[in-house]
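Chemist: Predicted model and sequence follow; I will ask about them next.
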Number of protein chains: 4
Amino acid sequence: MSGNSFGRLFTVTTFGESHGKALGAIVDGCPPGIDINEADLQLDLDRRKPGTSKHTTQRREADEVKILSGIFEGKTTGTPIGLLIENTDQRSKDYSNIADTYRPAHADYAYDQKFGFRDYRGGGRSSARETAMRVAAGAIAKKYLKQQFGVEIKGFLSQLGPIEMALNDWDLVETNPFFCGDAEKLDELDAYMTALRKKEDSIGAKVSVVATGLPPGWGEPIFDRLDAEIAHAMMSINAVKGVEIGDGFGVVNQLGTEHRDEMSPEGFLSNHAGGIVGGISTGQDILVSMALKPTSSITTPGKSINRKGEAMDVVTKGRHDPCVGIRAVPIAEAMLALVLMDHCLRHRAQNADVVPPIPPIPSQA
Amino acid sequence: MSGNSFGRLFTVTTFGESHGKALGAIVDGCPPGIDINEADLQLDLDRRKPGTSKHTTQRREADEVKILSGIFEGKTTGTPIGLLIENTDQRSKDYSNIADTYRPAHADYAYDQKFGFRDYRGGGRSSARETAMRVAAGAIAKKYLKQQFGVEIKGFLSQLGPIEMALNDWDLVETNPFFCGDAEKLDELDAYMTALRKKEDSIGAKVSVVATGLPPGWGEPIFDRLDAEIAHAMMSINAVKGVEIGDGFGVVNQLGTEHRDEMSPEGFLSNHAGGIVGGISTGQDILVSMALKPTSSITTPGKSINRKGEAMDVVTKGRHDPCVGIRAVPIAEAMLALVLMDHCLRHRAQNADVVPPIPPIPSQA
Amino acid sequence: MSGNSFGRLFTVTTFGESHGKALGAIVDGCPPGIDINEADLQLDLDRRKPGTSKHTTQRREADEVKILSGIFEGKTTGTPIGLLIENTDQRSKDYSNIADTYRPAHADYAYDQKFGFRDYRGGGRSSARETAMRVAAGAIAKKYLKQQFGVEIKGFLSQLGPIEMALNDWDLVETNPFFCGDAEKLDELDAYMTALRKKEDSIGAKVSVVATGLPPGWGEPIFDRLDAEIAHAMMSINAVKGVEIGDGFGVVNQLGTEHRDEMSPEGFLSNHAGGIVGGISTGQDILVSMALKPTSSITTPGKSINRKGEAMDVVTKGRHDPCVGIRAVPIAEAMLALVLMDHCLRHRAQNADVVPPIPPIPSQA
Amino acid sequence: MSGNSFGRLFTVTTFGESHGKALGAIVDGCPPGIDINEADLQLDLDRRKPGTSKHTTQRREADEVKILSGIFEGKTTGTPIGLLIENTDQRSKDYSNIADTYRPAHADYAYDQKFGFRDYRGGGRSSARETAMRVAAGAIAKKYLKQQFGVEIKGFLSQLGPIEMALNDWDLVETNPFFCGDAEKLDELDAYMTALRKKEDSIGAKVSVVATGLPPGWGEPIFDRLDAEIAHAMMSINAVKGVEIGDGFGVVNQLGTEHRDEMSPEGFLSNHAGGIVGGISTGQDILVSMALKPTSSITTPGKSINRKGEAMDVVTKGRHDPCVGIRAVPIAEAMLALVLMDHCLRHRAQNADVVPPIPPIPSQA
């Protein structure tokens, strides 16, 4: 395959360019009988939608998803679910000047080297607009996991440039344009972003996602470890340059006596591992963080070359988020949901029907 | 699949437990005509081999690899290459006390929850001993990539606990037991490790790998990005808890004007991206780092439970590296080689036979 | 995956039910730079379209395919091609009586056993209407194979009930409603079909497909042999119950001296093998035949049961082809094109860049 | 992948050449807790073994399989099962004359066109010797399916040249060298084969396999239909040129009223479909037949060319079965077992945990 599919048993394949006719996806392998309607998907799409705050791109997309197949009388049938979002707001003129230019930190040069040419309108296939379909597909996985297993997947912004944020309040996360769960930092964020926009610059961010309620025993040993596939999923999100599970890079300076999560009959005594050991879930919370680079599209001119290899300055006009990390929160949730859903089905396939199960201990003491 | 295969076109499947009869692998999809013999594979296996310094486990394995198929008159035939390492030094007695106990930070509990029971001898399938086969398979990929494209893949230890190391000298890396390329830190490392052994504790580490000479245009958009598959590969190595490409988590506090790698007709002006943009190689060096947790097997007692859920203290006897990160260097190289080899073949499959290629710019100004 | 994808490198995934909102497909892995437009796809869709003769179903579908992505300025970009056919003529009333009944020889009972319930409108996902997307996707493969390699793929009806047909005239095949290449049998066919319709019965058929111009060396040894994947592809077409390569079941009573295709410097002296030996193409014509069962939907009442397990008689109303085999001709061509396209890309991926090629002999003496 | 793996969830990957050091396989995805030992595998290997009658090749291979991993204390652990058969009887001299010659009906020419050169000793990878590993892997699947579901898979020889055989007695099948279940034909077979050997010729055959006890609902719609994957599996066996499910090519001249398997509360009234409708099992017996070409290696000289394209006569010396179809019986059983095992696990993965199941009807009235 050419890299547009994700998952082995719950498989999402997407298509569509930023300024093409439509974005679409096929979700294959969804178990039958789940109540799914367009509103379920729209909920997360709206959380990701551009144009909802002055700190995100002013490009407005209705981003209205249609379900074309796989649902009958309100329930999934087990056959592939076809999803479609028609592109409505396409200001192609904004992008015409970049047809022959390689914008620094954009995929323009790499795409031309791979394919020989590219659909340059709005970044074509390399635009983060593609992630809308991931969010729609992830909403199906989220609903199944919650309904059948009580698994919940929630993300938040844990750092923006120099501003680190605690997670004090999950409810707060959904009521501010930053997915910030730290009430004390909201003003600082607002001020920072306003200053940034004036400088015509952009900034990186760190996003964290948590899955609670996962049973122990999901995952695979060796290559397809749960953490390895989560790393794959997160690093496949536009702009992500690093992924951590549990303490992540913090483990480099940890002693064995510090790091190891001791166990008692009442449950685990800590969760440095982030809920995954040996590639398999322990029943503790899954903790994932990722680093996102600053938005590449900025109006401050940068040095570059054109298709002929000639030097030139590039200014990226158009409507762009100064921090792509913010809107990555629902995307990261969706990707985690897709990984967990896939491993849920794999676990069921391979699980012992011969060996009696061992009762799990509590996830926390 | 159950997670014991890696790669779509150059596919490595491994088997074997730490204290079973043998470890083995099948390498499927290797192009025909490459000169490969057992000595090519042994070279990297010996770099990974335990018992080569006082700072690694004293368990001695000959780790002699045999090629059972796929090579004829010294050349690969294009058919699957069967690899085998027989286990010779198996002190099963060392591990008998852990049959019913869940060692903290080990996969024991997770495996029992997944499979209902486990081969507890030496950690069975969850032991890092499995990675010997990855190193053997990776050596084939390394040889092909070097011979056909001039790609070189080399790793080093970039941090051990609090000690950060520069890379000043690639030659030094191969002549000390730490894969350290920073002459000034060798004494400090030695002293730190000696003290650690006395404390009966272990420590985390950071490993970095570099691939030079890669052509631009390798990789895939969307889910199977080159960086996403590298993250997958690295996170599948035992003990890895974080992965970075290029500046990694450093990007969180970078401005767009800082991060973007500007271009000139003479080449790229920086390499914050680590050689990959939009999931596709730019022709610059691929830069990967990973965090490895401290060795879980330490002789300092820890709180745990047994199979019946009863509290007990656990001491892991046996012969263990106090820092598993050190020996991970050749493993990380091998995994990077497997990803690049796979994308080399995918690139060739999908590459344009219709569109004329664009000449690449130099990888550095 | 749940079985809605075909191909490893040129991957087609389809969605859509007979009476749902739309049918769709994603074609992933198409090389960049190929001239493709909607008319290219429509050509084969029109050959498959119902309602074109009195001998096929009178249900009329415009079957107009739209390309939603993956094409830019008339050329494939290497990114996924999204295809859509909206359903326009949906007489749902015709099917409402079968909601709780299991029509004999239909997938109704099997689907209910697998999924617990089903979209019964027009057979839902089990309807051959799904194959429209295969034909559309196959047209892309056909165009590429012809343009880049000169490969041509053509099918014809070789038997209908008791009437066996020779292939005397490829031009004739496209000018009669039976895809018949045997001028002498046209009247007999017409008379047979007219009588059949009066009897309210249906009949089986045999379809043959030929690929010419294939280079030698495409295919894989062992499990993914070219012939094995062709068998897979053909047996995945609705109603197919048997597949033959070359002489097929004729080989059961052949001697080794008869069957073996001898070779001379001027070329092969015969083609009993049908162009594939050891799973790999020889450069001769690929010859494939398949058996299709009689249409299951007939108005002659049959014994059956309902969802509660109660006995009842079933009459399938609606508009159905009395011989589904006829319209299978373009579908079989499309499936062969998909297999060959996939192996074309795989061959390119794995082919020797080290070993010098051997000049092929002519395909025929 | 390069075609040496079969199955998505129960995945078998094989390696090894006819005259190499060893044959091997990895069975990945086997559920834990199944009692498996080497004797279980040896049973079917001995049924396939050459040298057991005067009518099969006199080459003697001990074919003793070793289990190298994945079994602990007599039970599968859920980790990959490594299998190995060392080659002991290798008369390489017999084959040295064919190094530069293309034997008609052999894979020699096709392999050279694909790979540029080949391991010519005994046919290398293209030899049916590889199927020993399929039989060993299939034995694991057989045991699981029988133990957990009561599924039994048995094959027999249904035709040899002009001699058609009924299946009157399953017990007889295992007590004669032809896998013949028709007592009246045993003398005729013996006489035919003796005459054939004197003529230095070979003959084709038809093999049939039956699976009983399969629950309804296994399989997938569209591309990965149960019958499509069976066709794939069977056509991947050396020498197979045709595959039928149920009535197979008999359906070409069947009326819809004849073919359709009517249903009653007491069960199905016939089984023309061979137990599969819409790609999904109905609970009836799975009926599969396949055509195998005559052995290519015969001592009667044939016209051919050498590597340089020069004309020459070829005589294949060595020890060969005059009818390869006979020994294909246990191989066909194994391949059917692998397909059913894989779909068993897929079914479990995707099956409804939401929708209540419908009680199945009996498989026969």
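Modeler: Happy to help now that I have it. Numbering: from 1, shown residues only, chains lettered A, B, ... in the order given.

Chemist: Tell me who's in contact with the closest residue to chain D within the stretch 1-150 of chain A.
Modeler: The stretch 1-150 of chain A approaches chain D most closely through A:G33 (3.3 Å), counting by CB to the nearest CB. For every residue, glycine as well, the C-beta is placed using N, CA and C. Contact analysis of A:G33 by CB atoms under 8 Å, 6 or more residues apart in numbering or on different chains lists A:75-76, C:116-117, D:352, D:354-355.

Chemist: Where does it sit: helix, strand or coil?
Modeler: In the three-state summary, A:G33 is assigned as coil, counting by DSSP: H, G, I helix; E, B strand; the rest coil.

Chemist: Just the pLDDT at it, thanks.
Modeler: Turning to A:G33, the model gives it a pLDDT of 93.

Chemist: Chain neighbours aside, what residue packs nearest to it?
Modeler: Spatial nearest neighbour of A:G33, chain neighbours left out: D:V354 (3.3 Å); criterion: CB to CB, 6 or more residues apart in numbering or on different chains.

Chemist: Hmm, that neighbour is touching A:I34, no?
Modeler: Yes: counting by CB atoms under 8 Å, A:I34 is a contact partner of D:V354 at 6.0 Å.

Chemist: Between these two, tell me which one has more neighbours.
Modeler: Remark: of D:V354 and A:I34, A:I34 carries more neighbours, 22 against 16, as counted by other CB atoms under 10 Å in any protein chain shown.

Chemist: looking at it, that one is touching A:T77, isn't it?
Modeler: No: counting by CB under 8 Å, A:I34 sits too far from A:T77 to count as a contact (9.8 Å).

Chemist: Chain A: helices as residue ranges?
Modeler: Along chain A, counting by DSSP state H, helices occupy A:38-48, A:108-115, A:131-149, A:170-173, A:186-199, A:226-235, A:256-259, A:324-350.

Chemist: Turn those helices into JSON lines, including distance to chain C.
Modeler: Formatted as JSON lines, those follow (distance: least, CB to the nearest CB, whole Å):
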{"stretch": "helix A:38-48", "distance to chain C": "12"}
{"stretch": "helix A:108-115", "distance to chain C": "4"}
{"stretch": "helix A:131-149", "distance to chain C": "11"}
{"stretch": "helix A:170-173", "distance to chain C": "33"}
{"stretch": "helix A:186-199", "distance to chain C": "32"}
{"stretch": "helix A:226-235", "distance to chain C": "16"}
{"stretch": "helix A:256-259", "distance to chain C": "38"}
{"stretch": "helix A:324-350", "distance to chain C": "10"}
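
Chemist: looking at these, which is buried most?
Modeler: helix A:226-235 (a mean of 29; mean count of other CB atoms under 10 Å in any protein chain shown).

Chemist: Per-residue pLDDT of the residue nearest to A:G33, please?
Modeler: Predicted confidence (pLDDT) for D:V354: 73.

Chemist: got the phi/psi numbers for it?
Modeler: D:V354 adopts backbone torsions of phi -110, psi -50, taken as degrees, to the nearest 10.

Chemist: so which residue of the stretch 251-365 of chain A comes closest to chain B?
Modeler: As assessed by CB to the nearest CB, chain B sits closest to A:G278 within the stretch 251-365 of chain A, at 2.5 Å.

Chemist: Count the residues that sit near that residue.
Modeler: Neighbourhood size, A:G278 [other CB under 10 Å]: 28.

Chemist: quick one: it and B:G124 touch, right?
Modeler: No: with contacts defined as CB under 8 Å, A:G278 does not count as touching B:G124, sitting 10.2 Å away.

Chemist: Kindly point out which residues are neighbours of both of the two.
Modeler: Common neighbours of A:G278 and B:G124 (criterion: CB under 8 Å, 6+ apart): B:Y111.

Chemist: dump the residue contacts of the nearest residue in space to A:D182 that is not next to it in sequence.
Modeler: Across the structure, with CB to CB, 6+ apart as the measure, the residue nearest A:D182 apart from its sequence neighbours is A:M165 (4.0 Å). Neighbour list for A:M165: A:156-159, A:180-182, A:185 [criterion: CB under 8 Å, 6+ apart].

Chemist: Closest one to chain B out of those residues, please.
Modeler: Closest approach between the contacts of A:M165 and chain B, by CB to the nearest CB: A:Q159, at 5.3 Å.

Chemist: Spit out the contact partners of the closest residue to the closest one other than its chain neighbours.
Modeler: Nearest residue to A:Q159, sequence neighbours excluded (CB to CB, 6+ apart): A:K206, at 3.7 Å. Residues in contact with A:K206, defined by CB under 8 Å, 6+ apart, are A:157-160, A:289-292, A:325, B:249, B:252.

Chemist: measure the residue nearest to A:K49 when sequence neighbours are not counted to chain B for me?
Modeler: In space, A:K49 comes closest to A:D63 once its chain neighbours are excluded; the distance is 5.3 Å by CB to CB, 6+ apart. In this structure, A:D63 and chain B are 18 Å apart, going by CB to the nearest CB, to the nearest Å.

Chemist: pLDDT wise, what is the residue nearest to A:Q159 at?
Modeler: On the pLDDT scale, A:K206 is placed at 98.
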